[in-house]
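Enquirer: Next input, structure requested:
(chains A and B)
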Amino acid sequence: MQDNNIIPEIFDIASLVGTLDTMLWIITAGVLLIFAVVSIILYHHWKEYGVEQKNVKRLLIIYFSVSGLLLATMIISLLIWIL
Amino acid sequence: MIELYEGEKILLKKRRHWYAIASESVVLVVAAIAPLLLLAGYFANPGMGDALSHFIPVVIFAYSVWLLMLWVLFFVLWTDYYLDIFIVTNKRVIDIEQKGLFAHDIAETRLENIQDVKVAILGIIPSLMDFGDLHVQTAGEAREMVIKKIPKAHEVREVISRELNT
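Expert: Numbering: from 1, shown residues only, chains lettered A, B, ... in the order given. Just a heads-up that it's a prediction; the model follows:
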C-alpha cells in the first residue's frame, strides 16, 4: 500500500530548515578545517622558503585580516539564521 | 632561505612577471563576481526576490564561504608565484621554484659553468610587456636552466654576461 505521508514530509518546511541548519554547521566545520590546514601549510612555506622575510609579516597581516573578516561574516550570518 | 658564500653579493633577484599571477587570478575574480550577478538577476525578477529574502543570512553565509575559498586559493597561487625566484650573484645563479604546495626545487650553477645565456620572447603580450624565458646553458649535469616569464629578460642576460666577462 502506498504511503500518502511521503509528499507532505518532503515539503515539511520545519524539517527542511532543520536539515539546512545541520548542513550549515557541517559546512562551517569543513571550511574551518580546510582553512586551518591550508593556512598552516602556507605559513610554513612563507617562513621557511620566503627569501624576503620582511615581506612575510605584511603578507600574514593581509591574509589573516581578510580571512578573519570573511570568517566573521560567515559565523555572524550563521548565528543570525539559527537564532 | 639562501645562504651566501663569503664575499658573495646578490646582483639581482627576479620573480616571474606580474602578468603571470594576474592572468591566473582573473578566473578567481570572475568566480567572485559571478554569484553577485546571479543574485542581482534573481532579485530583479518580480516575486522571485521575495522567496529568497527569507534566506538572506544563508545567502550571505554561502557567499562568505565561497569568497573565503577563493581567497585561500588566490594565496596558494600567490605563494607559488612569490616563492619562485631567480637570483644572480657574483658567483652563481640560483633558480628557486615552488611546485604546488608540496614540492620545492632549488637549482644553482656557478658562473664559470655557464656556457650560454639566451632569451626567448614569444608572442604579442610578452613583447608588449617585456617579459620572456631565460635559457641558461651550463656544463653541469642539468644542461639547461629555464626561467619562465621573467621581466626585462634582456637586462638579466646582460647582467649575467657582464659578470661572466669580469
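
Enquirer: so who does residue B:166 touch?
Expert: With C-beta atoms under 8 Å, 6 or more residues apart in numbering or on different chains as the criterion, no residue contacts residue B:166. Any C-beta I mention is one placed from the backbone N, CA and C, and that applies to glycine too.

Enquirer: For it, give me the pLDDT.
Expert: According to the model's per-residue confidence, residue B:166 sits at a pLDDT of 79.

Enquirer: How about residue B:141?
Expert: Per the predicted model, pLDDT is 68 at residue B:141.

Enquirer: do the one 10 residues further on as well
Expert: In the prediction, the pLDDT value recorded for residue B:151 is 95.

Enquirer: mind listing the helices for the chain?
Expert: Unless you meant another one, I'm taking chain A. Across chain A, reading from the start of the chain, the helices by DSSP state H fall at A:6-10, A:13-49, A:53-82.

Enquirer: hmm, I had chain B in mind actually
Expert: Defined through DSSP H, the helices belonging to chain B, from first to last, are B:18-44, B:48-53, B:56-83, B:124-129, B:153-164.

Enquirer: Residue most distant from the centroid, chain B?
Expert: Within chain B, the residue lying farthest from the chain centre (C-alpha atoms, centre = their mean) is residue B:47, at 46.0 Å.

Enquirer: Below-threshold pLDDT in the chain: ranges please.
Expert: Here I'm looking at chain A. Counting by pLDDT under 70, the low-confidence segments of chain A come to A:1-14, A:16-17, A:51.

Enquirer: Actually, chain B is the one I wanted.
Expert: The model of chain B has pLDDT under 70 over residues B:1, B:49, B:140-142.

Enquirer: 80 instead?
Expert: B:1-2, B:43-54, B:101, B:140-143, B:166 (pLDDT under 80).

Enquirer: related to what we said a few turns ago, so what does the residue farthest from the centre of chain B look like in phi/psi?
Expert: The phi and psi values for residue B:47, taken as degrees, to the nearest 10, are phi 90, psi -40.

Enquirer: So it versus chain A, what's the distance?
Expert: Using C-beta to the nearest C-beta, to the nearest Å, one gets 18 Å for the distance from residue B:47 to chain A.

Enquirer: list the contacts for that residue?
Expert: With contacts defined as C-beta under 8 Å, 6+ apart, residue B:47 has no neighbours.

Enquirer: ok, now residue B:146?
Expert: Under the criterion of C-beta under 8 Å, 6+ apart, the neighbours of residue B:146 are B:133-136.
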